[in-house]
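Q: okay, sequence plus prediction incoming.
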Amino acid sequence: MPSLMDVDKRLSDLPSKLLSIVVGHLAPSYENRFKPGQKKDLQSANFAHRCLARWVPQFLFRNMCLMVVTVGLSSKLEDMLVDPLGLELAQHIRNVQLKVPPTIPQKVDENTQTSRNSTTLRLLSRFGVRDEKSLTFEQKEFCFSYHTAMVEPFIESNWLNLLPHAQHVCMQVFRQLPKLQRVGVGICERIDHPDPTTTNAFIKRWGRDVITHENPACVEDRIISLAWASGVITQTIPRKVKSLHLSAASQPELYWFMYDLHGISHNPARNLLSVTTLTLDIRGVHGTLNGFDWDTTGWDTSKMVGYWAETINSLPKLVRLQLNGNFGSVIDIYHDLIGYAPDRLLSRVKRPLQSLCLRNVGMDVHDLLGDLSTFKSSLKSLVLDRFAMSCCEYVGEEPWLTLATWAEDHMQGTRITVNRPYTNRARVSESSLDEMSAMGMQVTG
């Protein structure tokens, strides 16, 4: 078996371009680039083979997480930028994901779930008992520690304090990254909280599976966390950023604090001048997005639509827009089909888009045609992925064929890709798929 020195010598004999390719294969996949522990192979290569060390930094630091989980705790990225060597390595950072903690609502279905007593009741099954009186002193101490570390830091009201802290951190960090191009948002799960938080110490002591002992599990709201973090991004990114992956939410908790106080109209998006690509995940409680008077209502969905429409229209160079729903099944899509937020949002977008992708959402075909009319002169690519369409005007009309016929007349220069199309609650028939293909659509599924 060759020694480490022999391997290093053989690697040193390879052309530099090939060495770069070798290191690139050690980097995390696109889907895993922000997940904890995915850079171990790169770190090992950096220490084990000197000939690879030249190429490791560009892959090791290309995608970085900015953790903002509690007020007063600096992230590893912040600490890195304090060091002169870290500032030098910052030139490799192209993509940053702001990670914030999930929110545990204080009440679910009128039941309080964040009191210490509620946490204790959730942990009874861990000890095989039915009531709190049967717990030993040590078991009660465990429940107390669990609540302190795994529940209390995530209680709903905490994000109101975390948001201004996140704004300050992002402004300080982003301005020190000279080649930053893409920014997005993500969740730092409870079991992934960094050192030296109480949560991290508890997980190290009891193991990552300790969270599975909650019975029933605490309800975690990631939607609201991603939404307020997205608002922070729109206010703090530097002008050089070209691509954003953000999240919108129709949540009552965001009425005033986000959509009014931190609206673009109050804080003009001066630093969004270079953004060409926006991916927006639209989140909300199923079945709550319809039935509004969109001209007069001041409630959550209309506030959300107004906020993001104003934001999108503040991007003078935007040419690529992707709207993602979060439905688990086509029935979910149909439940919120008519008057659903993507349609309301798209109808207010005034940018000359070149590429539009609608994924995991649904609309009425005539509403979609009205929206597409705005972009038909500029649109070069349209992707409808797992998209459900209905038709309210004519009974028996096949909405996908209506779209195909309209596109054949009005969007001849646009490449249209359709993947897994639905109509109301059913898959599109094979004969309709064949007709769509014959009219020039790229159809799969």
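A: Alright, I've got the coordinates.

Q: ranges for the helices of the stretch 1-150 of the chain?
A: Taking DSSP state H, counting those that start in this stretch as the test, the helices found in the stretch 1-150 of the chain are 4-12, 16-26, 40-48, 56-60, 76-82, 84-89, 116-122, 124-127, 137-146.

Q: pull the CA atoms of stretch 209-224 into PDB?
A: Extracted as PDB, the C-alpha positions of stretch 209-224 are listed here (Å, rounded to 0.1, in the frame of the first residue of the first chain):
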ATOM      1  CA  ASP A 209     -31.700  12.000  18.800                       C
ATOM      2  CA  VAL A 210     -32.800  13.500  22.100                       C
ATOM      3  CA  ILE A 211     -35.200  15.700  20.200                       C
ATOM      4  CA  THR A 212     -37.100  12.600  19.100                       C
ATOM      5  CA  HIS A 213     -38.300  12.000  22.700                       C
ATOM      6  CA  GLU A 214     -40.800  14.800  22.500                       C
ATOM      7  CA  ASN A 215     -44.200  13.200  22.400                       C
ATOM      8  CA  PRO A 216     -46.000  14.900  20.800                       C
ATOM      9  CA  ALA A 217     -43.200  16.900  19.100                       C
ATOM     10  CA  CYS A 218     -43.200  20.700  19.500                       C
ATOM     11  CA  VAL A 219     -44.600  22.500  16.500                       C
ATOM     12  CA  GLU A 220     -41.900  24.400  14.800                       C
ATOM     13  CA  ASP A 221     -42.700  27.200  12.400                       C
ATOM     14  CA  ARG A 222     -39.900  27.700   9.900                       C
ATOM     15  CA  ILE A 223     -42.100  29.800   7.600                       C
ATOM     16  CA  ILE A 224     -42.000  32.900   9.800                       C
END
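
Q: that one: which residues count as buried?
A: Judged by neighbour count (16 or more other Cβ atoms under 10 Å), stretch 209-224 contains these buried residues: 210-211, 213-214, 218, 220-224. Bear in mind the C-beta positions are built from the backbone N, C-alpha and C, glycine included.

Q: what does stretch 418-432 give?
A: The neighbour-count criterion (16+ other Cβ under 10 Å) identifies 418, 420-423, 428, 432 as the buried residues of stretch 418-432.

Q: now, which of those sits nearest residue 315?
A: When the buried residues of stretch 418-432 are ranked by distance to residue 315 (Cβ to Cβ), residue 418 comes first, at 26.6 Å.

Q: list the contacts for the closest one?
A: Applying Cβ atoms under 8 Å, 6 or more residues apart in numbering, one finds that residue 418 lies in contact with 383-385, 387, 400, 436, 441-444.

Q: go with 7 Å
A: If a contact means Cβ atoms under 7 Å, 6 or more residues apart in numbering, then residue 418 has 384, 436, 441-443 as its contacts.

Q: coming back round to it: worst average pLDDT in the helices of the stretch 1-150 of the chain?
A: Taking each of the helices of the stretch 1-150 of the chain in turn, the one with the lowest mean pLDDT is helix 4-12, at a mean of 53.

Q: circling back to that earlier point, Produce a ChimeraX select command limited to the buried residues of the contacts of residue 418.
A: ChimeraX command restricting the contacts of residue 418 to the buried ones, with burial defined by 16+ other Cβ under 10 Å:
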select :384,436,441,443
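
Q: what's the next secondary structure element after the helix or strand bottoming out on mean pLDDT in the chain?
A: Sorted by mean pLDDT, DSSP states H and E, the helices and strands of the chain end with helix 330-335, the least confident at a mean of 48. Toward the C-terminus, helix 330-335 is succeeded by helix 341-346 as the next helix or strand (DSSP states H and E).

Q: average pLDDT across that next one?
A: So the average pLDDT for helix 341-346 ends up being 84.

Q: centre of the chain to it, how far?
A: For helix 341-346, the distance from its own C-alpha centre to the chain's C-alpha centre is 18 Å (Cα atoms, centre = their mean, to the nearest Å).

Q: same deal with stretch 64-78?
A: The mean C-alpha position of stretch 64-78 is separated from the chain mean by 18 Å, Cα atoms, centre = their mean.

Q: between the two ends of it, how far is it?
A: 11 Å (Cα to Cα, to the nearest Å).
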